[in-house]
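J.: compute the structure for the input listed below.
(chains A and B)
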Amino acid sequence: MNKELEHSFVKQLEENQNIVHKICRLYTHDSDSHNDLFQEITIQLWRAFPKFRGDSKFSTWMYRVSLNTAITLYRKSKRKIQTQDFESISFKIKSEEYDDTIEQQLKLMYGAVKKLNDIDKALVFLYLEDKSYREISDTLGITEVNARVKMNRAKEKLRKILNP
Amino acid sequence: MDNLDILKKEWQSKEQELPKVSYNDIYKMLLKKSSSIVKWIFVISVAELLFWIGIQFLNPESNIKIINEMGLKEILAYTNIVHFSIFAVFIFYFYKNFKSIQVTDNTKMLMNNILKTRRTVKYFVYYNVGVFIISSIVVDIFFYTRSEQLYEIMDFASQGIPPESFASVFIISQIVVGVIVLGLLILFYWLIYGLLLRRLNRNYKELEKMED
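T.: Just a heads-up that it's a prediction; the model follows:
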């Protein structure tokens, strides 16, 4: 594999790594698993990179490969899940900037999203990333109508988790 | 605005709080080996193919002698040609299905291709188990009807086994071995499907359910 290709890939991934981190945060529960999944996604992206034609944006292509790795290819680590969860790290919102109630609400909401099944989590993730239903259906391989129906059901599930 | 929309707004403004992996660390990751389930499925499937192919050649000398003396040599040679041709077809489909697994496909197609690859190997094992059961029954009936000839060839007289109980001892031992082999296979599959593919099957069913 030539150096130019490696450089181009690493540079683009470095610039777009937030996408991968957000997926890792949703699908893992501790920092070791987060790092494991990040590494596996990097390997899968790198393997698929020679076939990346540039028809779509690098970031768009990344969503598909990264989600596929998280949902389908990644073997969850058998390591003991630590109690320190990402949601408690990622939503340490500064009190002077945000209302306490919103902070609390977001924490609960984020915790609820993590309780969804793998597919619903992917739907919600793509929705949070502001992807259109067309893109969501293309990524998951379902029809646009079903993506909408499923999204509404996922929202309903979230409501039930939050208000049992 | 519902809760998810509040989270959406927050989600997009929180990017700066995510971890950062350096250029050099990403570069190092390219050299690491994948531990994806596709790799494990490939390793296990190839091991299964080799196991069932290898087992065909593990015929002890004494068995070959019995087969020859019972007049089964020719029939066995013909069935082996058919048997190995079927093996070749299975290996071709396994290779074809495995090559079709692309992480760049949509999620449903990727899952479908992985499950299709596993199914090829599953049918290969079913085929082998089926052949094992059917050939055991046919051979046992054949041997049972010619138990006197078999008794002489296997020289059971020198081992102190009386001719009248030989046939039943032979059949019972064949059945016991068959049941043990089947039990081990079921355990093996329960482990593979239970541990490796449970999550994939569950997620695939979830996607399938949406299309109903």
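
J.: CA atoms for contacts and neighbours, from now on please.
T.: Fine.

J.: just for chain B, where's the confidence low?
T.: Within chain B, the segments meeting pLDDT under 70 span B:1, B:14-16, B:210-212.

J.: near chain A at all, the lengthiest helix in chain B?
T.: Scanning chain B for the helix with the most residues, using DSSP state H, yields helix B:107-145. Yes - shown here: helix B:107-145 in contact with chain A (C-alpha under 8 Å from any C-alpha of the partner chain) through B:T107, B:K108, B:M109, B:L110, B:M111.

J.: by neighbour count, sort out the buried ones in those residues.
T.: Those of the residues of helix B:107-145 next to chain A that meet the buried threshold are B:T107, B:K108, B:M109, B:L110, B:M111, by 16 or more other C-alpha atoms under 10 Å in any protein chain shown.

J.: contacts only, for the third one.
T.: In this structure, B:M109 makes contact with A:G141, judged by C-alpha atoms under 8 Å, 6 or more residues apart in numbering or on different chains.

J.: list the buried residues for stretch B:160-180?
T.: B:F166, B:A167, B:I175.

J.: meant to ask about stretch B:117-125
T.: Buried-residue list, stretch B:117-125, by 16+ other C-alpha under 10 Å: B:T117, B:R118, B:T120, B:V121, B:F124, B:V125.

J.: can you give me the helices in chain B?
T.: Taking DSSP H, the helices of chain B run over residues B:3-13, B:23-29, B:37-56, B:61-69, B:73-99, B:107-145, B:147-153, B:163-191, B:198-210.

J.: mind putting the ones you listed in a markdown table, distance to A:Q44 included?
T.: Listed next are the helices of chain B as a markdown table, based on distance: least, C-alpha to C-alpha, whole Å:
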| stretch | distance to A:Q44 |
| --- | --- |
| helix B:3-13 | 25 |
| helix B:23-29 | 11 |
| helix B:37-56 | 11 |
| helix B:61-69 | 49 |
| helix B:73-99 | 15 |
| helix B:107-145 | 13 |
| helix B:147-153 | 59 |
| helix B:163-191 | 26 |
| helix B:198-210 | 17 |
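
J.: ok, back up a step: can you put the buried ones among the residues of helix B:107-145 next to chain A in TSV and add distance to A:L26?
T.: Listed next are those as TSV, based on distance: C-alpha to C-alpha, whole Å:
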residue	distance to A:L26
B:T107	17
B:K108	20
B:M109	22
B:L110	21
B:M111	20
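
J.: worst mean pLDDT across the helices and strands of chain A, which element?
T.: helix A:86-90 (a mean of 45; mean pLDDT, DSSP states H and E).

J.: does chain B sit close to whatever helix or strand comes next after that one?
T.: Following helix A:86-90 in sequence order, the next helix or strand is helix A:100-115 (DSSP states H and E). Yes - interface with chain B: helix A:100-115 contributes A:Q105, A:L106, A:M109, A:Y110 (C-alpha under 8 Å from any C-alpha).

J.: mind listing what's buried along helix A:100-115?
T.: Buried, per 16+ other C-alpha under 10 Å, within helix A:100-115: A:E103, A:Q105, A:L106, A:K107, A:L108, A:M109, A:Y110, A:G111, A:A112, A:V113, A:K114, A:K115.

J.: what does stretch B:5-24 give?
T.: B:L7, B:K8, B:E10, B:W11, B:V21.

J.: which of these come close to chain A?
T.: B:L7, B:K8, B:W11, B:V21.

J.: what sits against the last one?
T.: I take that to be B:V21. A:E14, A:Q17.

J.: how near is it to A:S31?
T.: Separation of B:V21 from A:S31 (C-alpha to C-alpha, to the nearest Å): 13 Å.

J.: and for the third one?
T.: Separation of B:W11 from A:S31 (C-alpha to C-alpha): 19 Å.

J.: contact partners for the residue nearest the centre of chain A?
T.: Nearest residue to the geometric centre of chain A (C-alpha atoms, centre = their mean): A:I23, 2.2 Å. Going by C-alpha under 8 Å, 6+ apart, A:I23 touches A:S66, A:L67, A:A70, A:F125.

J.: how many neighbours does the residue lying closest to B:I114 once chain neighbours are set aside have?
T.: The spatially closest residue to B:I114, leaving aside those adjacent along the chain, is B:I101, at 6.3 Å (C-alpha to C-alpha, 6 or more residues apart in numbering or on different chains). Per other C-alpha atoms under 10 Å in any protein chain shown, the neighbour tally for B:I101 reads 19.
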